[in-house]
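>>> just to be clear, the model below is a prediction. Sequence and coordinates:
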Amino acid sequence: MPIVTIETWPLKNDMKKELIQKITEVFSKTGIPAQAVTIVIHDTPMENWGSGGELHSEKFKDMMK
């Protein structure tokens, strides 16, 4: 059944829980049992991400507060 992979910057546990619940709801509305939905969250530190030649830890430092 469906496996959803999310690549993201670190998230708080309450946000992860909400994402898992809401994504599962979407599949449930299409008739897929909630028990069959698997969601994997890969949260990578912002210093391990970059775009446009910049580290995201520097580019988005205001978001880390």
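Everything's here; your move.

>>> ok now the helix-or-strand element of the chain with minimal mean pLDDT, how far from the chain's centre?
Across the helices and strands of the chain, the lowest-confidence element by mean pLDDT, DSSP states H and E is helix 56-59, at a mean of 91. Helix 56-59 has its C-alpha centroid displaced from the chain centroid by 18 Å (C-alpha atoms, centre = their mean, to the nearest Å).

>>> need the longest helix for the protein.
If each helix of the chain is counted by residues according to DSSP state H, the longest one is helix 13-29.

>>> which secondary structure elements does it sit against?
Packing contacts for helix 13-29, counted by 3 or more C-beta pairs under 8 Å, 6 or more residues apart in numbering; DSSP states H and E, involve strand 38-43. Yep, even glycine has a C-beta here, placed from its N, CA and C like the rest.

>>> what's in contact with the very next helix or strand once past the strand it packs on?
Note on strand 38-43: by DSSP states H and E, the next helix or strand toward the C-terminus is strand 50-51. The set of residues that contact strand 50-51 without belonging to it, under C-beta atoms under 8 Å, 6 or more residues apart in numbering, is 56, 59.
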